[in-house]
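J.: Next one to model:
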Amino acid sequence: MENLNIKRNYDKEPIKIKDINTIFMFLILFPGSIIFTILIFIFNYENMTSKLYINLFILMPVVVWLYVKPYLKYKDSRYIKIYNNKIDFIQDNELLETIKLDEKFTVYKSFEDFYHKSQKQNIYIEIIWLIILPITICNYILLLLSKFFYCLYKSGLKNYHLYDCIIISQDDKIINIYFNSIDEYKTIKDYFLSNFDLDISKSKIFLNKAYHIFEKINF
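T.: Coordinates of the predicted model:
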């Protein structure tokens, strides 16, 4: 009689999940920068030639580009592959990060779009995080709104969850697995339960107290 409880070999049949974390910053900054520019033209047109506004309009496209470039360049080429004892973060078949699951690691549930160690804030920013707290709160509100409307557009509110991803941490390494569907969530949850006796729904919450910056991934 055939054994229907054969454990899946993830080395031969890895879980593959498309990584879309870069889209959320794009959804915040691209329309946001356009709206901001229009509002300045409407309500403060007489001061448009001041040195402050000239510098602002020079700097703003540079800053926006640093944050939206990963989405525009790599939106269809990044994915997560999960094996028996490791998780790989891959771009165009190049390895960006790997976490070895036969070594100590931690799993958090989160709603953040923090997906790579290069996004970590400068230590000095973390020290003065209370000073920039209003900016951080604003960033999180915008992130939650972008995720809400993205989910609403893609699949409707029935699939919306506040904690829509897990973050796996090991030393200074970070990999973020965003659940593109309920089925992906169930697959990942079953993987950690069956392989590590770990219920991801009961994981601690991950939250960056100073948010994060743009990625600086170098091959």
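J.: Flag every buried residue along the host helix or strand of residue 79.
T.: Here residue 79 is covered by strand 78-82, with elements defined by DSSP states H and E. Buried residues in strand 78-82, defined by neighbour count with 16 or more other CB atoms under 10 Å: 78, 80-82. To be clear about C-beta, it is placed using only N, CA and C from the backbone, and glycine gets the same treatment.
J.: ok, which pair from those is furthest apart?
T.: Distance extremes for the buried residues of strand 78-82: the farthest pair is 78 and 82 at 14.4 Å, using CB to CB.
J.: Show me what the strand holding residue 79 is in contact with.
T.: Residues outside strand 78-82 that contact it (CB atoms under 8 Å, 6 or more residues apart in numbering): 10, 14-19, 22, 87-91, 96, 175, 177, 188, 191.
J.: Would you mind writing the CA trace of that strand as PDB?
T.: Once non-C-alpha atoms are left out, strand 78-82 reads as follows in PDB (Å, rounded to 0.1, in the frame of the first residue of the first chain):
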ATOM      1  CA  ARG A  78      13.500  38.300  -7.500                       C
ATOM      2  CA  TYR A  79      12.300  35.300  -5.600                       C
ATOM      3  CA  ILE A  80      12.700  33.200  -2.500                       C
ATOM      4  CA  LYS A  81      13.600  29.500  -2.600                       C
ATOM      5  CA  ILE A  82      13.200  27.400   0.500                       C
END
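J.: Could you point out the helix or strand that follows that strand?
T.: Following strand 78-82 in sequence, per DSSP H and E, is strand 86-91.
J.: Now tell me which helix or strand of the chain has the poorest mean pLDDT.
T.: The helix or strand of the chain with the poorest confidence is helix 123-127; it has a mean of 74 (mean pLDDT, DSSP states H and E).
J.: Name the surrounding residues that touch that helix.
T.: Against helix 123-127 from outside (CB under 8 Å, 6+ apart): 132, 209-210.
J.: Which of those residues ranks first by neighbour count?
T.: Most neighbours among these, by other CB atoms under 10 Å: residue 210, with 20 neighbours.
J.: Correct me if wrong: that residue contacts residue 136.
T.: Yes: contact criterion CB atoms under 8 Å: residue 210 and residue 136 qualify, at 6.1 Å.
J.: Find the residues that touch each one of those two.
T.: residue 129.
J.: those helices in this structure, which residues are they?
T.: For the chain, the helices defined by DSSP state H occupy 22-43, 51-74, 123-127, 133-154, 182-196.
J.: CA-only coordinates of the second one in PDB, if you can.
T.: Extracted C-alpha coordinates of helix 51-74, given in PDB (Å, rounded to 0.1, in the frame of the first residue of the first chain):
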ATOM      1  CA  LYS A  51      16.900  78.700  -3.500                       C
ATOM      2  CA  LEU A  52      15.100  76.300  -1.100                       C
ATOM      3  CA  TYR A  53      12.700  75.000  -3.700                       C
ATOM      4  CA  ILE A  54      15.300  74.800  -6.400                       C
ATOM      5  CA  ASN A  55      17.500  72.600  -4.200                       C
ATOM      6  CA  LEU A  56      14.400  70.600  -3.200                       C
ATOM      7  CA  PHE A  57      13.500  69.800  -6.800                       C
ATOM      8  CA  ILE A  58      17.000  68.800  -7.500                       C
ATOM      9  CA  LEU A  59      17.300  66.500  -4.500                       C
ATOM     10  CA  MET A  60      13.800  65.000  -4.600                       C
ATOM     11  CA  PRO A  61      14.200  63.000  -7.800                       C
ATOM     12  CA  VAL A  62      17.500  61.600  -6.600                       C
ATOM     13  CA  VAL A  63      16.100  60.400  -3.300                       C
ATOM     14  CA  VAL A  64      12.900  59.000  -5.000                       C
ATOM     15  CA  TRP A  65      15.100  57.100  -7.600                       C
ATOM     16  CA  LEU A  66      17.200  55.500  -4.900                       C
ATOM     17  CA  TYR A  67      14.000  54.000  -3.300                       C
ATOM     18  CA  VAL A  68      12.000  53.100  -6.500                       C
ATOM     19  CA  LYS A  69      14.900  51.800  -8.600                       C
ATOM     20  CA  PRO A  70      14.800  48.200  -7.200                       C
ATOM     21  CA  TYR A  71      11.200  47.900  -8.200                       C
ATOM     22  CA  LEU A  72      11.600  49.300 -11.700                       C
ATOM     23  CA  LYS A  73      14.700  47.200 -12.400                       C
ATOM     24  CA  TYR A  74      14.100  43.900 -10.600                       C
END
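J.: Nothing else from me, thank you.
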